[in-house]
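*Asks:* Model the structure of this input:
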Amino acid sequence: MPAFNKVILAGNLTRDPELKHTPKGTAVCKFSIAINRKWRDDAGQEQEDVTFVEIDAWGRTAETIAKHLTKGRPILIDGRLKLDTWDDKQTGQKRSRLGVVCESFQFLDSGGTRQGGSPGTAPSVARPAPSSAAQAPGEPEDDVPF
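*Replies:* Residues are numbered from 1 along each chain as shown. Presented below is the predicted three-dimensional model:
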């Protein structure tokens with residue numbers, strides 16, 4: 001049976017991106033976005049729902065996001081779902097979190113100068129190079145130039 005794992009989200013960063021590096025030197029950026037949904041209920045009252053999504057970006061994509069985005073900025077994410085599981089250190093119970101791995105993104109506001117552009121130009125998109133089958137899921141290979 002074929003599998004398809006694709007997520008496209010647009011929202012605002014809830015905090016400044018956090019950039020770290022793996023022991024091999026690969027950049028990883030963790031951030032979250034808030035996605036707002038508004039609708040009218042049966043009584044005609046406007047309602048709002050907010051969904052918070054944790055996102056991980058790798059490599060050059062991670063570095064670009066950390067350099068150019070801050071809390072409150074809008075972003076469009078193209079990625080895939082990833083389930084993280086671990087044992088809680090305090091209770092010993094199994095825990096899990098469904099998050100998104102960012103495969104590409106687009107700035108949704110001008111926000112100043114970008115690489116290769118000037119203020120007010122079209123938003124830029126970061127796309128990582130295809131990954132190797134031998135690597136760990138969600139972590140790009142260190143010597144792939146992208």
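
*Asks:* Could I get the CA-only coordinates of stretch 29-39 as CSV?
*Replies:* What follows is stretch 29-39, C-alpha atoms only, in CSV (Å, rounded to 0.1, in the frame of the first residue of the first chain):
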residue,chain,number,x,y,z
CYS,A,29,16.2,24.6,14.6
LYS,A,30,13.2,24.0,16.9
PHE,A,31,10.3,26.4,16.9
SER,A,32,6.5,26.3,17.1
ILE,A,33,3.8,28.1,15.2
ALA,A,34,0.2,29.0,16.2
ILE,A,35,-2.5,28.4,13.6
ASN,A,36,-5.7,30.3,14.1
ARG,A,37,-9.1,29.3,12.9
LYS,A,38,-12.2,31.5,13.1
TRP,A,39,-15.8,30.5,12.5
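
*Asks:* Just the buried residues of that stretch, please?
*Replies:* Using 16 or more other C-beta atoms under 10 Å as the test for burial, stretch 29-39 gives 29-33. (Glycine included, C-beta is placed from N, CA and C.)

*Asks:* quick one: which helix or strand includes residue 67?
*Replies:* Here residue 67 sits within helix 59-68, counting by DSSP states H and E.

*Asks:* In the sheet, which residues pair with the residue nearest in space to the middle of the chain? Tell me.
*Replies:* Compute the mean C-alpha point of the chain, and by C-alpha atoms, centre = their mean the closest residue is residue 55, 3.6 Å away. Per DSSP bridges, the residues bridged to residue 55 are residue 31, residue 100.

*Asks:* Also residue 104?
*Replies:* On the basis of DSSP bridges, residue 104 is bridged to residue 78.

*Asks:* Much appreciated, bye for now.
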